[in-house]
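> Here is a sequence together with a model predicted from it:
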Amino acid sequence: MRRMPVLAAIAATAIMVASSSCHAGLLGMPIGLLSVIQHIRFETPTLAPMSHTLFCLRYEHECRAHKLFRGGPIRLTEARWAELNEVNLTVNRAIIPERNERGLARETWLIDPERGDCNDYAVTKRHRLLTRGWPARILLLGEVAIPSGEHHLVLLVRTRSGDVVLDNLTPQIRPWARAPYRWVRIQLPDNPRYWTTVAQRLT
């Protein structure tokens, strides 16, 4: 029972560090208990979004399972951090935001469209990182619910310093636990066609 104040103190320290400098906080984040807090935890297998199933039919190469290249999160170096920021900002600026007014039944996820919504931003960022040699196992599309209740798609990148979120609603790359969202489901690292629910964050 006495462990909870310790975990809370560690989490509070992590938030203060990340708030003062997102760059320094992510690169300087210790491994161990803090690492457990900062990494997303997969829970129960669930159905993939229908739009993602259709996306995989259109872009089959984006949904291949690479089981020969299994492994955990990667080390977040200065160069990789710069590359993440470049891709996040470039894609956010390249696609003109346009809300999907056709409903989920007619939703289409496209790579590098001229106009698009959150889904198009997320799959485009994942695609660009894949073409730069980033492993598919650490680039996971995640469905979240924003405070208004609307569902939203982001890209989660798994690093040894913690899992971070690339989001078209903000230019900042944030630790997943600091994104103000309720996590609905996310891709599994071993096979991008399979999705899972997410365990609740520690508070």
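Arrived safely, thanks for sending.
> Could you pull out the buried residues of the strand of greatest length in the chain?
When every strand of the chain is counted residue by residue (DSSP state E), the longest turns out to be strand 151-159. Using 16 or more other C-beta atoms under 10 Å as the burial criterion, the residues of strand 151-159 that qualify are 152, 153, 154, 155, 156, 157, 158, 159. In short, each C-beta sits where N, CA and C put it, glycine included.
> So which elements touch that strand?
Using 3 or more C-beta pairs under 8 Å, 6 or more residues apart in numbering; DSSP states H and E as the contact definition, the elements that strand 151-159 packs against are helix 118-131, strand 139-145, strand 162-166.
> CA atoms only for it, dumped as PDB, please.
Listed in PDB are the C-alpha atoms of strand 151-159, where the atom choice follows Å, rounded to 0.1, in the frame of the first residue of the first chain:
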ATOM      1  CA  HIS A 151     -13.100   9.800 -31.900                       C
ATOM      2  CA  HIS A 152      -9.700  10.800 -33.200                       C
ATOM      3  CA  LEU A 153      -6.700   9.000 -34.700                       C
ATOM      4  CA  VAL A 154      -3.100   9.600 -33.700                       C
ATOM      5  CA  LEU A 155       0.300   7.900 -34.200                       C
ATOM      6  CA  LEU A 156       2.000   6.400 -31.200                       C
ATOM      7  CA  VAL A 157       5.800   5.900 -31.400                       C
ATOM      8  CA  ARG A 158       7.300   3.400 -28.900                       C
ATOM      9  CA  THR A 159      10.800   4.400 -27.600                       C
END
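> from the chain's centre, how far out does it sit?
For strand 151-159, the separation from the chain centroid amounts to 2 Å (computed by C-alpha atoms, centre = their mean, to the nearest Å).
> which residues of this protein score low on pLDDT?
Within the chain, the set of residues satisfying pLDDT under 70 comprises 1-37, 67-70, 102-106, 201-203.
> For the residue nearest the centre of the chain, name its beta-bridge partners.
Nearest to the geometric centre of the chain sits residue 156, at 1.2 Å (C-alpha atoms, centre = their mean). For residue 156, the residues forming beta bridges with it (DSSP bridges) are residue 140, residue 165.
> List the residues that contact it.
Contact criterion C-beta atoms under 8 Å, 6 or more residues apart in numbering gives 40, 139, 140, 141, 142, 163, 164, 165, 166, 176, 186 as the residues in contact with residue 156.
> ditto for residue 117
The contact partners of residue 117, taken as C-beta under 8 Å, 6+ apart, are 97, 98, 99, 100.
> in the protein, which spans are helices?
Assigned by DSSP state H, the helices in the chain fall at 3-20, 22-28, 33-38, 50-58, 78-94, 118-131.
> Residue 189: what's its closest spatial neighbour, skipping adjacent residues?
residue 137 (4.1 Å; C-beta to C-beta, 6 or more residues apart in numbering).
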